[in-house]
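# Kindly generate the corresponding structure for this input.
(one chain, ligands or ions: 2)
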Amino acid sequence: MPVVRCPDCSALIDVPKETMSGDVVECPNCAGHALRIREDADGWSATLAYRVSCPECDEVMTLPDDVKPGDTVRCCGRTYHLTFDYGAYAAEDA
Ligand SMILES: [Zn+2]
Ligand SMILES: [Zn+2]
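Ligands and ions are numbered 1, 2, ... in the order given. All right, here's what the predicted structure looks like:
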């Protein structure tokens, strides 16, 4: 079974057989982010996929690869600004 190394805690994580390049998998050690994994010529690799929860409904959203502080996400018919503190994103009322 292929494995990827978590870029945050360095744990080795099994890549499930049905995984497609671009899928998101959980790191068992890390809260607050998941891993977006990719298959390329050298095999599988993983990058952090940050997550935020909606301040209203606690829905957890996985943020896109190119997310940056100040970007916005929408949930509950509202727009939230993303802030980045202590290694994690948070969604705040605009
Ligand atoms: Zn990890
Ligand atoms: Zn919501």
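
# Pairing partners for the top strand by length along the chain, with directions?
As assigned by DSSP state E, the longest strand anywhere in the chain is strand 43-53. Using DSSP bridges, strand 43-53 pairs in its sheet with strand 33-40 (antiparallel), strand 60-62 (antiparallel).

# what about the first one, near ligand 1?
No: counting by CB under 5 Å from the ion, no contacts exist between strand 33-40 and ligand 1, the nearest distance being 7.3 Å. Every C-beta, even on glycine, is put in place using the N, C-alpha and C of the backbone.

# related to what we said a few turns ago, run the chain-centre distance for the longest strand of the chain.
4 Å (CA atoms, centre = their mean, to the nearest Å).

# and if you look at stretch 55-69?
8 Å.

# ok, and the closest non-adjacent residue to residue 47?
Using CB to CB, 6 or more residues apart in numbering and skipping the chain neighbours, the partner closest in space to residue 47 is residue 36 (5.4 Å).

# now residue 28
residue 11 (6.9 Å).

# Please tell me how far that neighbour sits from residue 52.
To residue 52, residue 11 is 23 Å away according to CB to CB, to the nearest Å.

# same thing with residue 76?
Plainly put, residue 76 is 13 Å away from residue 52 if you go by CB to CB.

# hmm, back to that, so which of residue 11 and residue 52 has more stuff around it?
Using other CB atoms under 10 Å as the criterion, residue 11 and residue 52 rank with residue 52 on top: 22 against 14.

# The closest residue to the more buried one other than its chain neighbours: what's it in contact with?
Nearest residue to residue 52, sequence neighbours excluded (CB to CB, 6+ apart): residue 91, at 4.4 Å. With contact taken as CB atoms under 8 Å, 6 or more residues apart in numbering, residue 91 is in contact with 52, 53, 54, 55, 61, 73, 75, 80, 81, 82.

# for the residue nearest to the spatial centre of the chain, which residues make a bridge with it?
With distances taken as CA atoms, centre = their mean, residue 49 lies nearest the centre of the chain, 2.0 Å away. Assessed by DSSP bridges, residue 49 has beta-bridge partners residue 34.

# quick one: it from residue 58, how far?
Residue 49 sits at a distance of 18 Å from residue 58 (criterion: CB to CB).
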